[in-house]
Structures are given as structure tokens and as C-alpha cells.
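Visitor: What would the 3D arrangement of this be:
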Amino acid sequence: MDIQFVLDAYSCIMYILSYMTKAEHEMGSLLKQAQQEARDGNQDAVAELRRLGSIYLNHREVSIMEAVYRVTGMPLKQSSRQVLFLPTDPDSWKISLPLS
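Guide: Numbers count the residues shown, from 1 in each chain. As a prediction, the model looks like this:
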């Protein structure tokens, strides 16, 4: 077991975040390679996006719990209450208006 004293909070946070996002670094290089291959093959934007999405979904690492939920068809989230979003921002209605 590797136990060390933490003397710098920033270093501790960076270590935890780099450990959590380790799989995304590998996925980023895989997606960059696929994007370069798609551009070399002169694919249009829609085909390129579909290919990148397919590569992401087929190579993404999931936890054992998520894998069991997906294989058995169980819902990943569930609520016993109905949720209604109420915008409380005074200018929230402006966001939904068209600019023209």
C-alpha cells in the first residue's frame, strides 16, 4: 500500500483528476487518429461525425456496475417523484426567444 502525506492541496486535486480522466486521454488520441483518417478519406462532416461517435461508443470504458445495468436492461437512473424545472432567472424567457 502506498500512503503519503499530502502537503499541497493543488497537487492532490491534480493527482485525483488525472487518475479519474486517465481513460479520456487515451480516448482523445484514438479520436484524433480517427478524425485524421476521415479527413484523409475526404468524408463529409456528417459521415465523419458518425464515425467519431461510433468509435467513441465502441471504445469507451465503463464500470462493472454500468455494464451490468446495460446488459440486464435496468434503467441507469430512476426517480419516484416527477420533476418540473422552474427557471428562476429573471431573464430566462429571453434565452428562448429568436434573435431576429
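
Visitor: what about the residue nearest the centre of the chain, helix or strand, and which?
Guide: With distances taken as C-alpha atoms, centre = their mean, the chain has residue 24 as the residue nearest its mean C-alpha position (8.6 Å). Using DSSP states H and E, residue 24 falls within helix 22-40.

Visitor: Kindly export whichever helix or strand comes after that helix (C-alpha atoms) in CSV.
Guide: Note on helix 22-40: by DSSP H and E, the next helix or strand toward the C-terminus is helix 45-59. Coordinates of the C-alpha atoms in helix 45-59 are reproduced here as CSV (Å, rounded to 0.1, in the frame of the first residue of the first chain):
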residue,chain,number,x,y,z
ALA,A,45,-18.9,16.3,-42.0
VAL,A,46,-21.9,14.0,-41.2
ALA,A,47,-20.0,10.8,-42.1
GLU,A,48,-17.0,12.0,-40.1
LEU,A,49,-19.2,12.8,-37.0
ARG,A,50,-21.0,9.4,-37.3
ARG,A,51,-17.6,7.6,-37.4
LEU,A,52,-16.2,9.5,-34.4
GLY,A,53,-19.4,8.8,-32.5
SER,A,54,-19.2,5.1,-33.3
ILE,A,55,-15.6,4.9,-32.3
TYR,A,56,-16.3,6.7,-29.0
LEU,A,57,-19.3,4.4,-28.1
ASN,A,58,-17.4,1.2,-29.0
HIS,A,59,-14.2,2.0,-27.2
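
Visitor: mind listing what's buried in helix 45-59?
Guide: 48, 51-52, 55 (16 or more other C-beta atoms under 10 Å). (C-beta placed from N, C-alpha, C; glycine too.)

Visitor: so is the residue nearest to residue 69 when sequence neighbours are not counted in a helix, a strand, or just coil?
Guide: Distance criterion C-beta to C-beta, 6 or more residues apart in numbering; nearest residue to residue 69, sequence neighbours excluded, is residue 76 at 5.6 Å. Three-state assignment for residue 76 (DSSP: H, G, I helix; E, B strand; the rest coil): coil.

Visitor: separation between residue 76 and residue 85?
Guide: As judged by C-beta to C-beta, to the nearest Å, residue 76 and residue 85 stand 20 Å apart.
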